[in-house]
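[1] one predicted model, sequence on top.
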Amino acid sequence: MGITHFVVKFKHIARSANGRQTGPEPVNPGSNPGLAAMKNKSYSYQDRKGLMPISWEKFHGLCKSLAIATSKFNPDIVLGIARGGLYPATLISHLLQKELYPIRLSRRVNDIVRYQHPVWFVTIPGSIKGKRVLVVDEICDSGETLNLVKNEALKMGAIEVKSAVLYSHKKGKDIPDFIGLITNKLILNPWDREILKDGKYIFHPEYVDALKTQNIQPEESLLLGIKPESLAKEL
């Protein structure tokens, strides 16, 4: 496939009951040296300078601004790129009262970087044909993911495609049509700052490593301070 040491094995594309396609199944990393080498690899954060924690209030405010801006485009459909992009895509689709279709292409599997380039897992629905489409993601770095989605949507018959992101790094700012924030700082999202490990919530290890590249300690003050609520029912 032209990617040295990185081979993605595409199996037959299956169709679910509603006609949507599911993307290629990832190869077992043990079956390929290139994939195995990436098993525990994270993104590089060497270019991040400074820190920008995002609160839920800030997130909501950015989504409201993006909704106002994208309403002028008046999309028929919102495509939210899972996983992080579903947070802004869901809220923006509610604010615009437009249908939301989740899609997924990523370098990650189970939160671990496994591929050198984005791989399709959940593809674009055929219902975009003849429609104006708004693609929403969390962040734009190189713009590779947004370009892949835009090109595929146009191939499938969308009449116009625009993209919106919460954040963009400076090198990728020319790719999205709508951007909430442009920064090279390390962004701490409100939804993935903590993970559940052995029954306890801890600082996401990837953020911990990213903070260390700037000699910043992962202090508790950087977390949101939200405690779990008592459930009304559980097994």
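    Looks like it arrived, so ask away.
[2] for Lys197, grab the count of nearby residues.
    Residues near Lys197, counting by other Cβ atoms under 10 Å, number 11. In short, each C-beta sits where N, CA and C put it, glycine included.
[3] do Ile159 as well
    With other Cβ under 10 Å as criterion, Ile159 counts 13.
[4] equivalent analysis for the one 5 residues further on, please.
    For Ala164, the number of neighbouring residues by other Cβ under 10 Å comes to 27.
[5] with Thr145 instead?
    Counted with other Cβ under 10 Å, residues neighbouring Thr145 total 24.
[6] which residues touch it?
    Ile81, Leu105, Ser106, Pro118, Asp137 (Cβ atoms under 8 Å, 6 or more residues apart in numbering).
[7] one more time with 6 Å
    Pro118 (Cβ atoms under 6 Å, 6 or more residues apart in numbering).
[8] output the contacting helices and strands for the strand or helix carrying Ile139.
    Secondary structure from DSSP states H and E places Ile139 in strand 132-140. Using 3 or more Cβ pairs under 6 Å, 6 or more residues apart in numbering; DSSP states H and E as the contact test, the elements touching strand 132-140 are strand 77-82, helix 86-96, helix 144-155, strand 160-168.
[9] for Ser44, find the nearest of those.
    Taking Cβ to Cβ, helix 144-155 is the member of those nearest to Ser44, at 14.9 Å.
[10] which neighbours does the strand holding Ile139 have in its sheet, and in what orientation?
    Strand 132-140 has the following strand partners under DSSP bridges: strand 77-82 (parallel), strand 160-168 (parallel).
[11] and Thr93, how far is that from Val161?
    One correction, residue 93 is Ser, not Thr. Taking Cβ to Cβ, to the nearest Å as the measure, Ser93 falls 16 Å from Val161.
[12] what's the angle from the strand holding Ile139 to helix 144-155?
    Strand 132-140 and helix 144-155 are oriented at 170 degrees to each other (axes from the mean of the first three to the mean of the last three Cα atoms, to 10 degrees).
[13] quick one: average pLDDT of strand 132-140?
    Averaging pLDDT along strand 132-140 yields 98.
[14] can you list contacts of that strand?
    If you take Cβ under 6 Å, 6+ apart as the criterion, strand 132-140 is touched by 70, 75-81, 84-85, 88-89, 92, 146, 149, 153, 158, 160-168, 172, 175-176.
[15] for the top helix by length along the chain, name the packing helices and strands.
    Longest helix of the chain, by residue count under DSSP state H: helix 56-71. Helix 56-71 is packed against helix 86-96, strand 160-168, strand 178-182, with contacts defined by 3+ Cβ pairs under 6 Å, 6+ apart.
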